[in-house]
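A.B. asks: Fold the stuff below for me.
(one chain, ligands or ions: 2)
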Amino acid sequence: MEQAVIETDHLDYAFQKGDRILNDINLRVPQGSVYGFLGPNGAGKTTTLRLLLGLLRSENPGIHIFGNQMPGNRIDILRRTGSLIEQPSLYLHLTGRENLDVFRRAYECPATRVEEVLRITGLSDAAHKKTKAYSLGMKQRLAIAIALLHDPELLIMDEPTNGLDPNGIIEIRELIRDLNRHQGKTVLVSSHLLAEVEKLATHVGIIHQGKLLFQGTLAELQSFQHRHSFLEIEVDNVVRTEQILSGRFPVFIRGDSTVHVGHSKPAEAALINHMLVGGGVGVSRLCVMGNDLERLFLDIISA
Ligand SMILES: Nc1ncnc2c1ncn2[C@@H]1O[C@H](COP(=O)(O)OP(=O)(O)OP(=O)(O)O)[C@@H](O)[C@H]1O
Ligand SMILES: [Mg+2]
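C.D. replies: Ligands and ions are numbered 1, 2, ... in the order given. Next comes the predicted model:
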């Protein structure tokens, strides 16, 4: 098994006594992974990430990053970690390059690093512009550039695509992918969008009401989803549909023209369609159901 960069051991947290926000979180972020930390609003994502960075204090944290204990070894850990938790405070009257230079001096990084992080984040051409003229996506990339100044091995980002338009989301996604694949960074990134995590992550942790409901590779999540998804099919003959499919697939008649069919692999959707059409059934709609986050939570909770 790959080495873990982040490990938490039964992590709990309460803002007020008795009001537990996090419950028994055993996070394991493997080295070299993009770990998608997925959960709906209020699930506890930000609280978890703040604890990992030592921005919140826990009585009994059991947090290890690079094998060092947080908060005990905070400085050693933060030297090797870049983060983007809150909106960054940028100097809007300064250019992108000047902003980086301010932080670069504060962090005592070599001057050459400024051009490097501009290049990595795709901001070289915009570096001479005042950041007040930057789009939200560019500001976000500049914030990531700042987080990269000290060349950290680990990046922790809380919903970095929040508020961005589709193009901005793609840019950040590609940047994260590049940081992981070509710069060798381990990335822990939170999101409330399953589709986003699926496009980006190698590993996934699903948090719901302060509990980690699922943790594994993306392939493990997808196999879980496929086991729990079904096809909703609109047909012109539900009786004939049942005759054709039953024996091979579980079929449930849901209305005069709607059936639900259990399937386990994506390729089976094509086969089912083929069988129906070949058997003379008119298929007007075929839809894979059960892949949305809400449904997934329900399935995981009831599994
Ligand atoms: N400072 C605070 N004091 C008290 N309760 C808080 C505080 N911050 C967060 N909470 C509560 O802790 C729970 C988890 O919040 P958290 O911000 O970690 O969730 P999240 O998964 O990041 O949600 P979102 O997707 O909305 O950002 C919520 O019920 C929230 O109301
Ligand atoms: Mg949050």
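A.B. asks: Now do residue 290, the pLDDT please.
C.D. replies: Residue 290 carries a pLDDT value of 66.
A.B. asks: Please enumerate the helices of the stretch 1-150 of the chain.
C.D. replies: 45-52, 74-79, 96-107, 112-120, 136-148 (DSSP state H, counting those that start in this stretch).
A.B. asks: Which residues outside the last one are in contact with it?
C.D. replies: With Cβ atoms under 8 Å, 6 or more residues apart in numbering as the test, helix 136-148 has contacts from 82-84, 87-88, 90, 96, 99-100, 103, 117-118, 120-123, 126, 131, 134, 155, 157, 160-161, 163-165, 167-168, 171-172, 175, 179. Every C-beta, even on glycine, is put in place using the N, C-alpha and C of the backbone.
A.B. asks: What's the ChimeraX line that selects buried ones from those?
C.D. replies: Remark: buried members of those, expressed as a ChimeraX selection using 16 or more other Cβ atoms under 10 Å:
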select :82,83,84,88,90,96,99,100,103,117,118,120,121,123,126,131,134,155,157,160,161,164,168,171,172,175,179
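A.B. asks: show me which of the contacts of helix 136-148 neighbour ligand 2.
C.D. replies: Near ligand 2, judged by Cβ under 5 Å from the ion, there are no entries from those.
A.B. asks: want to throw the helices of the stretch 1-150 of the chain into TSV with mean pLDDT?
C.D. replies: Listed next are these as TSV, based on pLDDT from 0 to 100:
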stretch	mean pLDDT
helix 45-52	96
helix 74-79	93
helix 96-107	95
helix 112-120	96
helix 136-148	94
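A.B. asks: Out of these, which gets nearest to ligand 1?
C.D. replies: For the helices of the stretch 1-150 of the chain, proximity to ligand 1 was assessed by Cβ to the nearest ligand atom; helix 45-52 is nearest, at 3.3 Å.
A.B. asks: Return the residues of this structure in contact with ligand 2.
C.D. replies: 45-46.
A.B. asks: Domain ranges for the chain, per the record?
C.D. replies: 4-216, 228-302 (automatic domain parsing).
A.B. asks: Adding distance to residue 222, write the ones you listed out as JSON lines.
C.D. replies: Putting the domains of the chain into JSON lines (distance: least, Cβ to Cβ, whole Å) gives the following:
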{"stretch": "domain 4-216", "distance to residue 222": "8"}
{"stretch": "domain 228-302", "distance to residue 222": "9"}
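A.B. asks: Give me whichever of those domains is most buried.
C.D. replies: domain 4-216 (a mean of 18; mean count of other Cβ atoms under 10 Å).
A.B. asks: Do any residues in that domain lie close to ligand 1?
C.D. replies: Yes. Domain 4-216 comes into contact with ligand 1 (Cβ under 6 Å from any ligand atom), by way of 15, 21, 39, 41-47, 192.
A.B. asks: Looking at those, which are in strands?
C.D. replies: Here DSSP state E is the test, and those give 15, 21 as lying in strands.
A.B. asks: nearest to residue 110, of the residues of domain 4-216 next to ligand 1?
C.D. replies: Nearest to residue 110 out of those is residue 46 (Cβ to Cβ; 32.3 Å).
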